[in-house]
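>>> Give the three-dimensional model of this entry:
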Amino acid sequence: MPRTRFARAFLSRPQRLLPTSALGIALLAYLALPLYSGEPLVAFDTFNALQFFARLAPLVLGLGLTMFAGEFDLSIVGTYALGGMLAVQYGGAHWVTGIAVALTAGAVIGAVQGTVVARFNIPSMPVTLGTYIALLGLTKAISGGLSKTYDNISVTLWVDRQIAVILSPRSLLVLAAFAVVGLILGCSRWGREIRAIGSDRRASRVSGVRADRLLIGLFATSGVLAAASGALLNFSLGAANPDPGTQPLILAVVGALLGGVSLAGGRGSVAGLLAGALTVSLLAQIVTAAGLPDYLAQLFYAALLLLIVAVEAPGLRRAWTRSSVRLHSRRSAALAGATDSRKAAS
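Just a heads-up that it's a prediction; the model follows:
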């Protein structure tokens, strides 16, 4: 039946159907928001959603790239906080200096983590978790545990300047980052090799894939993206917060999983990550416009994450496959019995 075939396709090819269906549902919910709020949608609502996208999407992209290879970069929020703090501290007179310091720090942090994970064959979870905690401590030490203001107002006004009503330099830079990474992975062997590492690292090494170099590059890229996101956000806010909390990490994970990335690695695309980041951004704008309390918003995101993980679980796919096979066998047997009965009657 059509519904059964759709569910089977959804479970067998989530890297394509999950991002598109999630984005479609989120877009419909966003367009239907006036029915709940009683207020019409305006262009500024979409602008706000894309501003949130500009904050979240680099984290989704960086985390998703490491997940392609079967790893998990928990340190992105620590790098995000440190990069933003360094950009504000050193970019007061010249914003380029602040950005350069932040991106360099992100690249070094990511490369060191990638080296530890690749060369010493240590799981990425404990390595990046320890780095995350250390980076938050370092950021608080730099700021004295207090927020630090950014006095270059011209930069603050520029990064949030409206372009074509709904865009800004921040959101355009993030879209450009997705385009560049997508072209690099799509037009070179690196994309296939990264997924091969995620599917079976040992087999990929046997086939000639330079897994260590690619892993180091992936973690360095993740660090650069996280630091850039923190720097641009703090330029926009005109201040740096030493502790961004855990929500950016939670939403980055949700965005990556909604983008069709597998927890086990070996699957995913940059286009899917873009769709996942846009989906979460639209949902965040819906939560804000609907005026939901913070605790309800947190429960909503947690429930969404649990739902995605449940759908992603291999056991669910196996159970669905077994039940589909049984159902198909029963229908085939019933059809054959009905055919034999008609022949006997005739």
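
>>> quick one: contacts for the most centrally placed residue in the chain?
Ranked by distance to the mean C-alpha position of the chain (Cα atoms, centre = their mean), the top residue is Val60 at 2.4 Å. Val60 is in contact with 252, 255-256, 259, 273, 276-277, 280, counting by Cβ atoms under 8 Å, 6 or more residues apart in numbering. No exception for glycine: its C-beta is placed from N, CA and C like everyone else's.

>>> Recalculate using a threshold of 7 Å.
Val60 makes contact with 252, 255-256, 259, 273, 276-277, according to Cβ atoms under 7 Å, 6 or more residues apart in numbering.

>>> And for Gly266?
70, 195, 198-199.

>>> run the last query once more with 6 Å
Neighbouring residues of Gly266 by Cβ atoms under 6 Å, 6 or more residues apart in numbering: 195, 198-199.

>>> if we can go back for a sec, looking at the contacts of Val60, which are in helices?
If you go by DSSP state H, the contacts of Val60 have 252, 255-256, 273, 276-277 in helices.

>>> how about those residues in a markdown table, adding neighbour count, pLDDT and distance to Ser21?
Shown next, in a markdown table, are these (neighbours: other Cβ atoms under 10 Å; pLDDT from 0 to 100; distance: Cβ to Cβ, whole Å):
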| residue | neighbour count | pLDDT | distance to Ser21 |
| --- | --- | --- | --- |
| Ala252 | 29 | 94 | 20 |
| Gly255 | 30 | 93 | 15 |
| Ala256 | 30 | 93 | 16 |
| Leu273 | 29 | 95 | 15 |
| Gly276 | 31 | 94 | 11 |
| Ala277 | 32 | 96 | 16 |
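
>>> Would you confirm that Leu185 contacts Glu193?
No: in this structure Leu185 lies outside contact range of Glu193 using Cβ atoms under 6 Å: 9.6 Å.

>>> quick one: Leu249 and Thr128, what's the gap?
11 Å (Cβ to Cβ, to the nearest Å).

>>> Could you pull out the strands in the stretch 51-200 of the chain for me?
Using DSSP state E, counting those that start in this stretch, the strands of the stretch 51-200 of the chain run over residues 148-149.

>>> Quick one: the helices in it, in order.
76-90, 95-119, 124-143, 153-159, 169-187, 190-199 (DSSP state H, counting those that start in this stretch).

>>> among the ones you listed, which is nearest Leu35?
helix 169-187 (26.9 Å; Cβ to Cβ).

>>> which of the residues in the closest one are buried?
For helix 169-187, the neighbour count (16 or more other Cβ atoms under 10 Å) marks 169-171, 174-175, 177-178, 181-182, 185 as buried.

>>> now stretch 138-156
Here stretch 138-156 shows 138-140, 142-143, 148, 150, 152, 155-156 as buried, counting by 16+ other Cβ under 10 Å.

>>> now the protein, which segments are flagged as low pLDDT?
1-15, 311-346 (pLDDT under 70).

>>> Please list all residues in contact with the closest residue to Val60 other than its chain neighbours.
Leaving aside its sequence neighbours, Val60 sits nearest to Gly255 (Cβ to Cβ, 6 or more residues apart in numbering; 3.8 Å). Neighbour list for Gly255: 60, 276-277, 280 [criterion: Cβ under 6 Å, 6+ apart].

>>> Repeat the analysis, applying 7 Å as the threshold.
56, 60, 276-277, 280.

>>> re the thing from before, ok, which of the helices of the stretch 51-200 of the chain comes nearest Gly24?
Taking the helices of the stretch 51-200 of the chain one by one with Cβ to Cβ, helix 169-187 is closest: 19.1 Å.

>>> Give me the contacts around the closest one.
50-51, 53-54, 57-58, 61, 158-161, 163, 190-191, 225, 232, 236, 270-271, 274.

>>> go with 6 Å
Under Cβ under 6 Å, 6+ apart, the answer for helix 169-187 is 50, 54, 57-58, 159, 191, 232, 270, 274.

>>> do stretch 150-162 as well
Against stretch 150-162 from outside (Cβ under 6 Å, 6+ apart): 88, 92, 95, 168-170, 232, 235-236, 238.

>>> That stretch: end-to-end distance?
Criterion Cα to Cα, to the nearest Å; first-to-last residue distance in stretch 150-162 is 21 Å.

>>> try stretch 147-167
28 Å.

>>> What sits closest to Gly84 if chain neighbours are left out?
In space, Gly84 is closest to Gly230, 3.1 Å off (Cβ to Cβ, 6+ apart).

>>> Which helix or strand contains that neighbour?
Using DSSP states H and E, Gly230 maps to helix 211-237.

>>> next one: that helix to chain centre, how far?
13 Å (Cα atoms, centre = their mean, to the nearest Å).

>>> list the helices and strands that helix packs on?
Applying 3 or more Cβ pairs under 6 Å, 6 or more residues apart in numbering; DSSP states H and E, one finds that helix 211-237 makes contact with helix 43-68, helix 76-90, helix 95-119, helix 153-159, helix 201-206.
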